[in-house]
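> show me how the following folds:
(2 chains)
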2 protein chains.
Amino acid sequence: MKVYSTRMANLNGTATREIFKLLSRPEIISFAGGLPATEALPVAAVGDIAAELLSRPDAYSLLQYGTTEGYVPLLNRIPELVGEFGIKCENGGTLVISGGQQGIDLVCKVFLNAGDTVLVEDPTYLAALQIFNSYEAKAVGVRAGEDGLDISDLENKIVEFKPKLIYLVPTFSNPTGKTYSESNRKEIAALTAKYGVYVVEDDPYARLRFSGDKINALYSYAKADNIIYITSFSKILSPGLRVGAAVGSAEIIRKMAICKQGTDLHTSLLAQAITAEYLKRGLLVPAVQKSLPLYKSRKDAMMSAIDKYMPSEYEHTKPDGGLFIWGEFKGCKLDTAKLLGKAVERNVAYIQGSVFYADGGGSNTIRLNYSNASELNIEKGIKSLGEFFKEIIYKEKKNG
Amino acid sequence: MKVYSTRMANLNGTATREIFKLLSRPEIISFAGGLPATEALPVAAVGDIAAELLSRPDAYSLLQYGTTEGYVPLLNRIPELVGEFGIKCENGGTLVISGGQQGIDLVCKVFLNAGDTVLVEDPTYLAALQIFNSYEAKAVGVRAGEDGLDISDLENKIVEFKPKLIYLVPTFSNPTGKTYSESNRKEIAALTAKYGVYVVEDDPYARLRFSGDKINALYSYAKADNIIYITSFSKILSPGLRVGAAVGSAEIIRKMAICKQGTDLHTSLLAQAITAEYLKRGLLVPAVQKSLPLYKSRKDAMMSAIDKYMPSEYEHTKPDGGLFIWGEFKGCKLDTAKLLGKAVERNVAYIQGSVFYADGGGSNTIRLNYSNASELNIEKGIKSLGEFFKEIIYKEKKNG
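Numbering: from 1, shown residues only, chains lettered A, B, ... in the order given. A predicted model of the protein is given here:
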């Protein structure tokens, strides 16, 4: 085994890969994934745009090599897009990325050596933890409450661990669905500037808000050039296209572009051009607006099914947007990782919360995705899940 | 600067990035790049396929998330495709990659620790050297002749450096255009199996053969599970789509897929589906066949322009395929890197050979690309270049 790189010892590739396999079995009602609503994918518009782009006289240029930084008509649209969340791009750089995932990977490539520490909210995005593993970095969890990070825990851990990076999903977090308040964002911006720590703000969900007031990006409160903002078209246009964007200081973005050059040279040009034209035609905002009632009704369906069927011990978040409800079986000694197989036998899947924790823990938590199931299946699936967990908890209480 | 990872010290991102910038100035006749002939890009077919794919009832699935391993209808076509070069996939694994570049990067991610050695042919593909740098690995050059690697030098360097990987472009090499003979391939396969060294066979050009007999892939002569074969659709369909494939032992391909998951989750599904449908419709082989006379006439035009205009000191390869002619100004003490700026002042660009050398050297070599210029521009550009180098060499001889 010594022939492989040491980073491979940290990469087992189980969790999300197994989830995707579950999703492919048609009898399973899966709340395990993080897919946008299939009904919200603008198939007709993309088909129309692709046909039009490929019939233009300069269509050949979409099939040739492009520049690493990105397709210029798409790059030119990013400032307006992120501007809606208070971000100013004038003095910084912008880079097209092959989905938000690549953005996280490229920041890590620029900053992380083996043994470095990354602070994360506990719990945090599973795939980000896997990326940190691939750089042989150590992820350390920071406590968080309803309104965002616990600032004194953040400061203590900055002092104690001297992290290279802090990775955060401040709006409709994956996995919790929670959103940091404006004052929490200001405190994070000030504190990280004071200590000179770089922050990755991963923001794929901000537009999927169905209640509450819009909040500006953490980046917009930056007190220094220390925040790298990553957004993606995966949840608001199409995950299959694999297009996102990173915004940050010109120096960091340039370094990310150098790393991207070695990784995939550039993002698929046709996917970039489709995205650019979709934005140019003004389709993004109305399509997202149109999709929000669907997301809201699925979230509401899941909330009432949880009230109706899940054991009273299940305490959960009540998100204003995004894709996920997160909850804990308070006072129960459950291992939701071990129980998943038995739930799947009853044709319902969740994802065990423990995989989102940097330091382990969370064995009595689960994440539920509501965006990719019909209201009928949400009712049916949560009913199965509730009955399942009620039985488990009843047995547990009876036995001990 | 200590905030950045140590790998960034090795990555300046100059060479190919500057080349792309040169290409964008319209008055420049550039032989610096590696672009396929624009005329060979099947714009109409891709447009037709994209429109058809996106009007199917299951089109939404192309906009959803896909699996990391690749779009199944594309994966299913890879064995037949690589089978034409003697490769059998039955017992191995197959992975769709976002262009050949990503394949090299993923193999490195699986195998390389900082300080590891990679053996390469001297000279070799520039971007591969940059990828090895990004893993803080050391590239060591192996001598090569007309028919392939110098086997005794290869064996000596395997023994001396205990390399983790050997990276080779055995067919129509970038940058030389040379092809390893069958016997050379057999010797490489036997020797690397004997020493248990892993080999990356990078094979994007094999189908662009306009003279000589087809030769099977190095992989087809493998004596062990130690070869990873990487091919790409960039030179035979479209580089802008960013689609390629890797074939190797199931274990290595699985590890590459785990790494890919963290890097970009999966390759753009629309690009994969277009490629799959292009193959399904049987368009690849006839389109490539149709493009070969164009490539040949450009290569021939460049060969005769070189005979006509370049100084007699310029000794060069005579490729049977691929995109490049490589040559050395024999007995001349030139620094082609320094001279490039002056050549560009005369509106002609080449790429200095030194960037393709693992250990430096090659300062009197240049690589010329013939695939992306018209015959007229080839004549005009080589005339300028010949006059330029004749002046330089004349001055050099006069002064020294």
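
> hey, let's count contacts and neighbours off CA atoms from now on
OK.

> for whichever helix or strand A:Ile104 is part of, packing partners?
For A:Ile104, the element it lies in under DSSP states H and E is helix A:100-111. Contacts defined by 3 or more CA pairs under 8 Å, 6 or more residues apart in numbering or on different chains; DSSP states H and E place helix A:100-111 against helix A:126-134, strand A:198-202, strand A:227-232, strand A:244-249, helix A:250-264, helix B:250-264.

> mean neighbour count for those - can I get that in JSON lines?
Below are the helices and strands packed on helix A:100-111 laid out as JSON lines (neighbours: other CA atoms under 10 Å in any protein chain shown):
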{"stretch": "helix A:126-134", "mean neighbour count": "22"}
{"stretch": "strand A:198-202", "mean neighbour count": "25"}
{"stretch": "strand A:227-232", "mean neighbour count": "26"}
{"stretch": "strand A:244-249", "mean neighbour count": "24"}
{"stretch": "helix A:250-264", "mean neighbour count": "23"}
{"stretch": "helix B:250-264", "mean neighbour count": "23"}
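
> show me the one of those that comes nearest B:Tyr278.
In terms of CA to CA, the element of these nearest to B:Tyr278 is helix A:250-264, at 22.0 Å.

> could you pull out the buried residues of the helix or strand just after that closest one?
Moving toward the C-terminus from helix A:250-264, the next helix or strand (DSSP H and E) is helix A:269-280. Of the residues in helix A:269-280, those with enough neighbours to count as buried (16 or more other CA atoms under 10 Å in any protein chain shown) are A:269-279.

> which ones among these come in contact with chain B?
When contact is defined as CA under 8 Å from any CA of the partner chain, the buried residues of helix A:269-280 meet chain B at A:269-271.

> I'd like the residues you listed laid out as TSV, including pLDDT.
Compiled in TSV, these are given as follows (pLDDT from 0 to 100):
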residue	pLDDT
A:Leu269	98
A:Leu270	98
A:Ala271	98
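
> out of those, which one sits closest to A:Gly86?
Of all those, A:Gly86 sits closest to A:Ala271, with 26.3 Å by CA to CA.

> number of nearby residues for A:Asp359?
Neighbours of A:Asp359 under the rule other CA atoms under 10 Å in any protein chain shown: 14.

> hang on, the earlier thing: which one among the buried residues of helix A:269-280 gets closest to B:Ala222?
Among those, A:Leu269 lies closest to B:Ala222 (CA to CA), at 35.6 Å.

> need the contact list for that closest one.
Shown in contact with A:Leu269 (CA atoms under 8 Å, 6 or more residues apart in numbering or on different chains): A:62-63, A:66, A:71, B:240-241.

> show me what contacts the residue of the stretch 151-300 of chain A found nearest chain B?
Nearest residue of the stretch 151-300 of chain A to chain B, counting by CA to the nearest CA: A:Gly240, 4.3 Å away. Listed by CA under 8 Å, 6+ apart, the contact partners of A:Gly240 are A:234, B:62-66, B:268-270.

> for it, which non-adjacent residue is closest in space?
B:Leu63 (4.3 Å; CA to CA, 6 or more residues apart in numbering or on different chains).

> if I look at the one you found, how far off is B:Leu54?
Distance of B:Leu63 to B:Leu54, computed by CA to CA, to the nearest Å: 9 Å.

> which neighbours do the two have in common?
A:Val43.

> surely A:Ala127 meets B:Gly262?
Yes - between A:Ala127 and B:Gly262 there is a contact under CA atoms under 8 Å: 6.7 Å.

> any common contacting residues for those two?
Shared contacts of A:Ala127 and B:Gly262, defined by CA under 8 Å, 6+ apart, are found at A:Gln101.

> chain B contacts on the stretch 301-400 of chain A?
So the stretch 301-400 of chain A never meets chain B (CA under 8 Å from any CA).

> in the stretch 301-400 of chain A, what residue comes closest to chain B?
Counting by CA to the nearest CA, the stretch 301-400 of chain A gets nearest chain B through A:Asn372, at 10.7 Å.

> so that residue belongs to a strand, correct?
No - A:Asn372: not assigned to a strand; according to DSSP: H, G, I helix; E, B strand; the rest coil it is coil.

> what residue ranges in chain A score low on pLDDT?
For chain A, applying pLDDT under 70 flags the ranges A:1-2, A:13-24, A:400.

> quick one: the helices in it?
Using DSSP state H, the helices of chain A run over residues A:15-23, A:43-55, A:60-63, A:72-75, A:78-83, A:100-111, A:126-134, A:151-161, A:182-195, A:250-264, A:269-280, A:284-309, A:336-345, A:375-399.

> and the second one, what does it pack against?
Contacts defined by 3+ CA pairs under 8 Å, 6+ apart place helix A:43-55 against helix A:269-280, helix B:43-53.

> hey, C-alpha coordinates of that helix in PDB?
In PDB, the C-alpha atoms belonging to helix A:43-55 read as follows (Å, rounded to 0.1, in the frame of the first residue of the first chain):
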ATOM      1  CA  VAL A  43     -34.500  22.100 -19.500                       C
ATOM      2  CA  ALA A  44     -36.300  24.000 -22.300                       C
ATOM      3  CA  ALA A  45     -34.400  27.200 -21.800                       C
ATOM      4  CA  VAL A  46     -31.100  25.400 -21.800                       C
ATOM      5  CA  GLY A  47     -32.000  23.500 -24.900                       C
ATOM      6  CA  ASP A  48     -33.000  26.600 -26.700                       C
ATOM      7  CA  ILE A  49     -29.800  28.400 -25.600                       C
ATOM      8  CA  ALA A  50     -27.500  25.500 -26.600                       C
ATOM      9  CA  ALA A  51     -29.100  25.300 -30.100                       C
ATOM     10  CA  GLU A  52     -28.800  29.100 -30.500                       C
ATOM     11  CA  LEU A  53     -25.200  29.300 -29.300                       C
ATOM     12  CA  LEU A  54     -24.100  26.400 -31.500                       C
ATOM     13  CA  SER A  55     -25.700  27.900 -34.600                       C
END
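
> centre-most residue in chain A?
With distances taken as CA atoms, centre = their mean, A:Asn174 lies nearest the centre of chain A, 5.1 Å away.

> can you tell me how far the closest residue in space to that residue that isn't next to it in sequence is from B:Ala337?
Counting by CA to CA, 6+ apart, A:Tyr125 is the residue found nearest to A:Asn174 once chain neighbours are left out, at 5.4 Å. Relative to B:Ala337, A:Tyr125 is positioned 46 Å away (criterion: CA to CA).

> next one: A:Ala144
55 Å.

> and A:Gly248, by the same measure?
Separation of A:Gly248 from B:Ala337 (CA to CA) stands at 33 Å.

> look at A:Tyr125 and B:Ala337 and report which has more neighbours.
More neighbours surround A:Tyr125 than the other of A:Tyr125 and B:Ala337, with 22 against 19 (other CA under 10 Å).

> so which of the helices of chain A is the most packed in?
Highest mean neighbour count of the helices of chain A: helix A:100-111, a mean of 25 (counted as mean count of other CA atoms under 10 Å in any protein chain shown).

> what about the residue nearest to A:Ser30 when sequence neighbours are not counted, neighbour count?
Leaving aside its sequence neighbours, A:Ser30 sits nearest to A:Ala349 (CA to CA, 6+ apart; 4.6 Å). The burial count assigned to A:Ala349 is 27, neighbours taken as other CA under 10 Å.

> cool, and the one 5 residues further on?
If you count neighbours by other CA under 10 Å, A:Ser354 ends up with 21.

> residues in contact with A:Gln102?
Residues counted as contacts of A:Gln102 (CA under 8 Å, 6+ apart) are B:262-264.

> which of those lies closest to B:Thr38?
Closest to B:Thr38, out of all of those and judged by CA to CA, is B:Asp264, at 27.7 Å.

> ok, now which ones touch the closest one?
The contact partners of B:Asp264, taken as CA under 8 Å, 6+ apart, are A:98-99, A:101-102, A:242.

> what do you get for A:Ala250?
A:Ala250 is in contact with A:91-94, counting by CA under 8 Å, 6+ apart.

> at 10 Å instead, please
Counting by CA atoms under 10 Å, 6 or more residues apart in numbering or on different chains, A:Ala250 makes contact with A:89-95, A:225, A:256.
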